[in-house]
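Undergrad: Got a predicted structure here, sequence first:
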Amino acid sequence: MSNDERLRAFRASYPNKSLTFGGLQWHYRTCGEGARTLLLLPGGELVNDVGFDLAGALARRFRIVYPAYPRAAALADLADGIAAILTAENAPSAWVLGASFGGAVAQCLVRRHPERITRLILSNTGVPQQYLVRTRKIVNATLAMIPWPALRGLLTRSLTKALGAPAGEMPFWRAYFKELFEARLTKADVLSNLGNQLEYHARYRFSPDDLAAWSGKIFIIESDNDIFSPERRKALRDIYPQAPVYTFHGGGHAPAFSRAGEYLDVLDRFLA
């Protein structure tokens, strides 16, 4: 099947469920019949179908819970809402895969609700960095001033490039992100998420001792040419010195798409 056909089949087979918690309306998909629950956290795309192929592949071994993010005032609201979804789905605990912004949410979640997480995979993500706050404020203010039609185009190009999918798939992904920002997300949604990213760096401070009492395991996936600098990748490894690390060579920011087969192999080893 083509990408279009697989996406339509994924949406039709796994329609969104709804949950209201903390004044926020959550939407999430579930798929798979495995005994273990795997929480698949989206990145800055905010929605829960970019990873339709990844979710489908992992559903062969796990019960997948795949939320979309509502417009939240704080990262704590996202963490608490995700914990509420696990409760609603009768999942006392879960394994978690968080990529990019999803990795930031995952790190807040495991600190706020450690009893709900047994294994944590942090993929192409970073830890809070105070020195980024000033730059984030300037970027957020600049983007807020851009008219929504122009900002939509900028975001479409940026996310399509960051995905790094094979050349033959690029027309599909350009159309996907164009539709995402024209019909599904608003400027307020985007600015809210940018505010969450700023809060991550301004409010949170992690240390290697944070999870000393937690009995779970952490794994790290990175790329040597990620948009995250070598310094930021090292900072993540330094916070979790016990975590095995797999480095993609030339995998970019989204090896789940640029190197899909290898990415699944790595996940299989980490999740075994």
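TA: That came through fine.
Undergrad: where do the helices sit along the stretch 101-250 of the chain?
TA: Counting by DSSP state H, counting those that start in this stretch, the stretch 101-250 of the chain has helices at residues 101-112, 133-145, 148-163, 170-179, 187-203, 230-239.
Undergrad: Now do the third one against helix 170-179: the angle between them, please.
TA: Direction vectors for helix 148-163 and helix 170-179, defined by axes from the mean of the first three to the mean of the last three C-alpha atoms, to 10 degrees, enclose an angle of 140 degrees.
Undergrad: Return the list of helices and strands in contact with helix 148-163.
TA: Helix 148-163 is packed against helix 170-179, helix 187-203, with contacts defined by 3 or more C-beta pairs under 8 Å, 6 or more residues apart in numbering; DSSP states H and E. In this view, the C-beta of every residue, glycine as well, is placed from N, C-alpha and C.
Undergrad: Buried ones in stretch 179-187, by neighbour count?
TA: L180, F181, L185, K187 (16 or more other C-beta atoms under 10 Å).
Undergrad: shouldn't the first one be in contact with G44?
TA: Spelled out, that is L180. No. Using C-beta atoms under 8 Å, L180 is not in contact with G44; the gap is 11.3 Å.
Undergrad: and the strand or helix carrying D268, how far out from the chain's middle?
TA: Assigning secondary structure by DSSP states H and E places D268 in helix 260-271. Here helix 260-271 is found 17 Å from its chain centre; the criterion is C-alpha atoms, centre = their mean, to the nearest Å.
Undergrad: Following element in sequence after the helix or strand containing D53, please.
TA: Per DSSP H and E, D53 falls inside helix 52-58. Later in the chain than helix 52-58, the nearest helix or strand by DSSP H and E is strand 63-68.
Undergrad: Model confidence for the residue nearest to N196 when sequence neighbours are not counted, exactly?
TA: Nearest non-adjacent residue to N196, counting by C-beta to C-beta, 6 or more residues apart in numbering: L75, 5.6 Å away. Note for L75: predicted pLDDT of 98.
Undergrad: how about L75, what does it touch?
TA: Going by C-beta atoms under 8 Å, 6 or more residues apart in numbering, L75 touches A104, V105, C108, N196, E199, Y200, R203, Y204.
Undergrad: Now with 7 Å, please.
TA: Residues in contact with L75 (C-beta atoms under 7 Å, 6 or more residues apart in numbering) are V105, C108, N196, E199, Y200.
Undergrad: cool, A94 as well?
TA: T37, L38, L39, V65, L86, R116, I117.
Undergrad: could those go into TSV alongside neighbour count and distance to I218?
TA: Listed next are the contacts of A94 as TSV, based on neighbours: other C-beta atoms under 10 Å; distance: C-beta to C-beta, whole Å:
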residue	neighbour count	distance to I218
T37	22	17
L38	24	15
L39	30	14
V65	26	19
L86	21	19
R116	21	15
I117	24	10
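Undergrad: Columns pLDDT on top of those, output as a markdown table?
TA: What follows is the contacts of A94, written out as a markdown table (pLDDT from 0 to 100):
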| residue | pLDDT |
| --- | --- |
| T37 | 97 |
| L38 | 97 |
| L39 | 98 |
| V65 | 98 |
| L86 | 98 |
| R116 | 96 |
| I117 | 97 |
